[in-house]
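Participant: Mind folding the following:
(chains A, B, C and D)
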4 protein chains.
Amino acid sequence: MSVRRELWRALAPGARTRGLSALNLWLGAAILLAALLAILETEPSLNQWTGAFSALEAGLGVVFGLEYIARLWVSAEERPEAPWRARWAFVISPAGLADLAAVLSVLIWPAGSSGLLLRLVRLLRLIRVAKLGRYSRAWTEISRALLDRREALAICLGLALTAVLVCATALYFVEGDVQPEAFGSIPRAAWWAVATLTTIGYGDVYPVTPLGRFLGALAALASIGVVALPAGILAAAFSDAIKPHGGSRED
Amino acid sequence: MSVRRELWRALAPGARTRGLSALNLWLGAAILLAALLAILETEPSLNQWTGAFSALEAGLGVVFGLEYIARLWVSAEERPEAPWRARWAFVISPAGLADLAAVLSVLIWPAGSSGLLLRLVRLLRLIRVAKLGRYSRAWTEISRALLDRREALAICLGLALTAVLVCATALYFVEGDVQPEAFGSIPRAAWWAVATLTTIGYGDVYPVTPLGRFLGALAALASIGVVALPAGILAAAFSDAIKPHGGSRED
Amino acid sequence: MSVRRELWRALAPGARTRGLSALNLWLGAAILLAALLAILETEPSLNQWTGAFSALEAGLGVVFGLEYIARLWVSAEERPEAPWRARWAFVISPAGLADLAAVLSVLIWPAGSSGLLLRLVRLLRLIRVAKLGRYSRAWTEISRALLDRREALAICLGLALTAVLVCATALYFVEGDVQPEAFGSIPRAAWWAVATLTTIGYGDVYPVTPLGRFLGALAALASIGVVALPAGILAAAFSDAIKPHGGSRED
Amino acid sequence: MSVRRELWRALAPGARTRGLSALNLWLGAAILLAALLAILETEPSLNQWTGAFSALEAGLGVVFGLEYIARLWVSAEERPEAPWRARWAFVISPAGLADLAAVLSVLIWPAGSSGLLLRLVRLLRLIRVAKLGRYSRAWTEISRALLDRREALAICLGLALTAVLVCATALYFVEGDVQPEAFGSIPRAAWWAVATLTTIGYGDVYPVTPLGRFLGALAALASIGVVALPAGILAAAFSDAIKPHGGSRED
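Facilitator: Down below sits the predicted model:
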């Protein structure tokens, strides 16, 4: 019983350990490694390492299998008076199903893209780890700031999309005939407008006529606002979120 | 009468329904769909769908027509003692004219670019929807923040344009002879300067001489300020805008 | 005398007119037009308009000449008891010298680049206009925020330059042999590093080896900080600058 | 003794001189010059100047050697009752070892990349200079702001990496077959995703299919958040850092 309790304290995120236990840190690293493997396996130039990748993947499958059995065992600690009910509750919980999927994805080994996605979805299990301790407070701060200003941020998005539409329409009229491939329709011109207004600027398409460049320069100046507006809103939101009496606005 | 009142409550933005009524949500979606259609019709590679687009457009015309008749009918609720005066007030109001234009743009079906613009202008009708409820407060916050700091933001714009002029003039002198096509005049060099100082960086033109690259690197460093300065001003403006007693500066 | 006083009130920035007088607005527009002319005259494809440009330039020279004479005349209002002393004070003041240079640049018409620079320098006269009324307060706010945090902003610049040096050195070692033209020396690699860390990303040079791309991705993530850090500092500075008792830090 | 004290006051960063002494300023300039030399020596097109570079480097070596001897001599002022013990403490201190390495790097003159790194590491000696006076407070402010929000910034990084993974996986599925060189594996697609989400946008790779461009536009919009989120967090952190009673959150 004492061993089970010890293990529970090491595994369970809800247990009263401060911060992350060493075991959870190692399991988090294993999840990251599994995701990294899944990513690297898609790279053709690493095909020679397929054997090593598979072996590592199998080893991680064993680790996740053992983890699942351990979690199943220790989940009895949640309700010591009804251990099997607690275990069943774990099995059908979202976290338990994600853990089971992580194990099965190695056993069943689905081929192709569905297998890749299943292995990447394992990363969701990191959320359990990421929400602990001090990070939990930071999560709350960020999500509260975003929620608090969701309307203002939605308006920013709406203004940005409006700017994309206006710029794309203007360039479609001005450069549509000169560069039909790049500006021959509003959806095509929108590709340029999005890249410009978000200041990405791939440079695959850009206006070439004097009037097009003048309008493009105006769009470039507007891009400063597209980036600065949400940054300013978020800054104010975070300034609010941390103030003890900052909730007055919401009352 | 009860039906008219119900419909009025569902349609009118000023009615005392909290948030958006389901009917207004659907009409907003129809407006977005109409704009999307107008955009997609400009794309040559979708020409095979022209028939489907026209049918959908006609259907949306019917929807907007019915909406116009309904709005005309229920606007009597605004002044029940003089229903026809209230309806006339709606017809000649900006919102009523926009609604009428939305219907007529389908009936008259102007060809070419004027038809496209007319159909895009319909998007303005979204403003009626977008200003409701919680969004109204966010709109106020954003516009107040922008208005409150309009001088500071105008100075930012002036500094940015000055930086564009200085960088363009410098590169015109340094690279004008080496790359006459890209830097052979100040307006041409300004295209590079705008793309650099807004951090877009298309990469269609860039300095190639050592001195030009050194000045270009200075311009690149200056670009940080061009973006960070308005972001900082807006952040402070939003921090102010939400404070209950923040108006002291304006007194 | 009354006419002189009227004109003085319309011309002098220090006169007690609220905001900009109509006359100063028109003179500001003339200065902007003169600068625009100077810029457009460098564009070879507009050579056919040289005659029109010269005529317009001559006209603006007359305007600036009349303005100079008017300013000379009304500056007597500053010290009515010693009008010629006040006029001489205006002539040798920086503003007066700038005004004189603006007139002489048309009369003497220096050829080539020195003439261009002299005509662009006229823009400095806009400062007189730009500092009036509400803009004066915004200027103070911006310059106080920048001055207040000059050390923090200098450290940001130092960190950015350090990041440029580190990234350039790393890519020089990793890609120097593969792309000698782009990464064959630290100064060359610095061109890439500056374009990346400021998020400009011209795309003329970029790493191609797996390790180079990995390091490039790290530099890309660092670029978020290079932009966000000064934006955050400026945001806090502007938040401070507008607070009535915000000066406590400086005491 | 009086000379040694004078020199100590001029050299030692801990001495009670306000700001930087002229001597330390000159030594800082010498360090920057030495680093600049090391950088320029890697540039092949400057090979003709190798002789001048070597001479300058030797001269700087003499300067650093004299500086080392001087620092060794005056460090006795730290503990006048045990001068040699104080000198030994200086020799084995990190600052002393860095100073010694700076001298030895000229004497030993290691060839190739290790020599380059050794000469660049000398820049670390600037930290001694950079931490003085007002800059010390700005350093504290910046590091406190970063430390205070290290969890929130780590979450931002985590969200950015998640966005990179999601975008890369999506584009790998959509464009992997069309552009195998650019999107044929998740690591390859991640190169595009990093350049897009950080708004760098080299433009060496970009989606070309309609669906790929639509997803690319979504990624571009997400990039606004990737930049604005940490900027907002840092803005709030700096706003906090300067407030006298801002520590309440940490209690």
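
Participant: Mind listing residues that contact the helix or strand hosting A:Leu120?
Facilitator: Taking DSSP states H and E as the criterion, the element that holds A:Leu120 is helix A:112-121. Outside helix A:112-121, the residues that touch it by Cβ atoms under 8 Å, 6 or more residues apart in numbering or on different chains are A:34-35, A:37-39, A:41-42, A:98, A:101, A:105, A:109-110, D:165, D:169, D:173. Just so you know, the C-beta spots here come from the backbone N, C-alpha and C atoms, and that holds for glycine as well.

Participant: Let me know how buried the residue nearest to A:Pro187 when sequence neighbours are not counted is, in neighbour terms.
Facilitator: Using Cβ to Cβ, 6 or more residues apart in numbering or on different chains and skipping the chain neighbours, the partner closest in space to A:Pro187 is B:Glu43 (5.2 Å). Per other Cβ atoms under 10 Å in any protein chain shown, the neighbour tally for B:Glu43 reads 15.

Participant: for B:Glu43, phi and psi?
Facilitator: The phi and psi values for B:Glu43, taken as degrees, to the nearest 10, are phi -80, psi 120.

Participant: Do you know the pLDDT at it?
Facilitator: At B:Glu43, the predicted lDDT confidence score is 89.

Participant: try A:Glu250
Facilitator: Looking at A:Glu250, the pLDDT reads 38.

Participant: repeat for A:Gly225
Facilitator: 93.

Participant: The one 3 residues further on now?
Facilitator: If you check A:Ala228, the pLDDT there is 93.

Participant: okay but it is in contact with B:Pro230, surely?
Facilitator: Yes: using Cβ atoms under 8 Å, A:Ala228 is in contact with B:Pro230, at 4.4 Å.

Participant: hmm, back to that, just checking, which of the contacts of helix A:112-121 belong to helices?
Facilitator: Among the contacts of helix A:112-121, the members falling in helices (DSSP state H) are A:34-35, A:37-39, A:98, A:101, A:105, D:165, D:169, D:173.

Participant: Closest one to D:Leu25 out of those residues, please.
Facilitator: D:Leu25 has its nearest neighbour among these in D:Leu165, at 47.9 Å by Cβ to Cβ.

Participant: What confidence value was assigned to that closest one?
Facilitator: Per-residue pLDDT puts D:Leu165 at 94.

Participant: Next, the contact list for it, please.
Facilitator: In this structure, D:Leu165 makes contact with A:35, A:39, A:120, A:123, D:186, D:190, D:193, judged by Cβ under 8 Å, 6+ apart.

Participant: Now do the contacts for the residue nearest to A:Pro187.
Facilitator: By Cβ under 8 Å, 6+ apart, the contact set of B:Glu43 is A:184-188.

Participant: Let me know the distance separating it from B:Leu123.
Facilitator: 18 Å (Cβ to Cβ, to the nearest Å).

Participant: of the contacts of helix A:112-121, buried ones?
Facilitator: Applying 16 or more other Cβ atoms under 10 Å in any protein chain shown to the contacts of helix A:112-121, the neighbour count classes A:34-35, A:37-39, A:41-42, A:98, A:101, A:105, D:165, D:169, D:173 as buried.

Participant: and the residue in the stretch 51-200 of chain A that chain C sits nearest to, which of the three is it?
Facilitator: In the stretch 51-200 of chain A, the residue found nearest to chain C is A:Thr199; the distance is 6.9 Å by Cβ to the nearest Cβ. Following DSSP: H, G, I helix; E, B strand; the rest coil, A:Thr199 is assigned to coil.

Participant: How many residues are close by it?
Facilitator: Every residue meeting other Cβ under 10 Å relative to A:Thr199 is counted, giving 29.

Participant: all helices in chain A, in order from the N-terminus.
Facilitator: Ranges of helices in chain A, per DSSP H, are A:2-11, A:22-40, A:50-74, A:83-92, A:94-108, A:112-121, A:126-130, A:133-148, A:150-175, A:180-183, A:186-197, A:210-241.

Participant: Quick check: buried residues in the second one?
Facilitator: When neighbours are counted by 16+ other Cβ under 10 Å, the buried residues of helix A:22-40 are found to be A:24, A:27-28, A:30-31, A:34-35, A:37-39.

Participant: quick one on the thing from earlier: now the contacts of B:Glu43: which count as buried?
Facilitator: A:184-188.

Participant: Could you list the low-confidence segments of the stretch 151-251 of chain A?
Facilitator: Confidence mapping of the stretch 151-251 of chain A against pLDDT under 70 gives the ranges A:241-251.

Participant: Right, and chain B sits closest to which residue of it?
Facilitator: For the stretch 151-251 of chain A, Cβ to the nearest Cβ, closest residue to chain B: A:Gly232, 2.9 Å.

Participant: Can you give me the neighbour number for the nearest residue to that residue once chain neighbours are set aside?
Facilitator: In this structure, A:Gly232 finds its nearest non-sequential neighbour in B:Leu234, 2.9 Å apart by Cβ to Cβ, 6+ apart. B:Leu234 sits with 30 neighbouring residues when counted by other Cβ under 10 Å.

Participant: try the one 4 residues further on
Facilitator: Other residues within reach of B:Phe238 by the criterion other Cβ under 10 Å amount to 32.

Participant: what residues are up against it?
Facilitator: B:Phe238 neighbours (Cβ under 8 Å, 6+ apart): A:152, A:232-233, A:235-237, B:141, B:145.

Participant: hmm, 6 Å instead?
Facilitator: B:Phe238 makes contacts with A:232-233, A:236, B:145, as judged by Cβ atoms under 6 Å, 6 or more residues apart in numbering or on different chains.

Participant: Selection in PyMOL covering whichever of these are buried, please.
Facilitator: Selection of the buried residues among the contacts of B:Phe238 in PyMOL, burial being defined by 16+ other Cβ under 10 Å:
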select buried, (chain A and resi 232+233+236) or (chain B and resi 145)
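
Participant: could you dump the contacts of B:Phe238 to CSV with distance to B:Ser223?
Facilitator: Output for the contacts of B:Phe238, formatted as CSV (distance: Cβ to Cβ, whole Å):
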residue, distance to B:Ser223
A:Gly232, 18
A:Ile233, 22
A:Ala236, 24
B:Ala145, 24
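
Participant: Out of the contacts of B:Phe238, which is nearest to D:Trp49?
Facilitator: Scanning the contacts of B:Phe238 for proximity to D:Trp49, where the rule is Cβ to Cβ, the winner is A:Gly232, at 48.2 Å.

Participant: tell me the contacts of that closest one?
Facilitator: B:231, B:234-235, B:238.

Participant: same check, this time on A:Asp148
Facilitator: Counting by Cβ under 6 Å, 6+ apart, the residues that A:Asp148 touches are A:Ala237.

Participant: how many other residues sit next to A:Val62?
Facilitator: Using other Cβ under 10 Å, the number of residues around A:Val62 comes to 11.

Participant: Which one of the residues in the stretch 151-251 of chain A is closest to chain C?
Facilitator: A:Ala235 (4.9 Å).

Participant: if I read this right, that residue contacts C:Ala236, doesn't it?
Facilitator: No: in this structure A:Ala235 lies outside contact range of C:Ala236 using Cβ atoms under 6 Å: 8.7 Å.

Participant: any residues in contact with both of the two?
Facilitator: Here A:Ala235 and C:Ala236 share no contacting residue, scored by Cβ under 6 Å, 6+ apart.

Participant: hang on, isn't A:Tyr202 packed against D:Gly203?
Facilitator: Yes: A:Tyr202 is in contact with D:Gly203 according to Cβ under 6 Å; the separation is 3.7 Å.

Participant: what about those two, which has more around it?
Facilitator: Set A:Tyr202 next to D:Gly203 and count neighbours by other Cβ under 10 Å: A:Tyr202 wins out with 30 against 24.

Participant: Which one of the contacts of A:Gly232 is nearest to C:Leu211?
Facilitator: B:Ala231 (33.9 Å).

Participant: give me the number of residues near A:Val174?
Facilitator: There are 20 residues near A:Val174, going by other Cβ under 10 Å.
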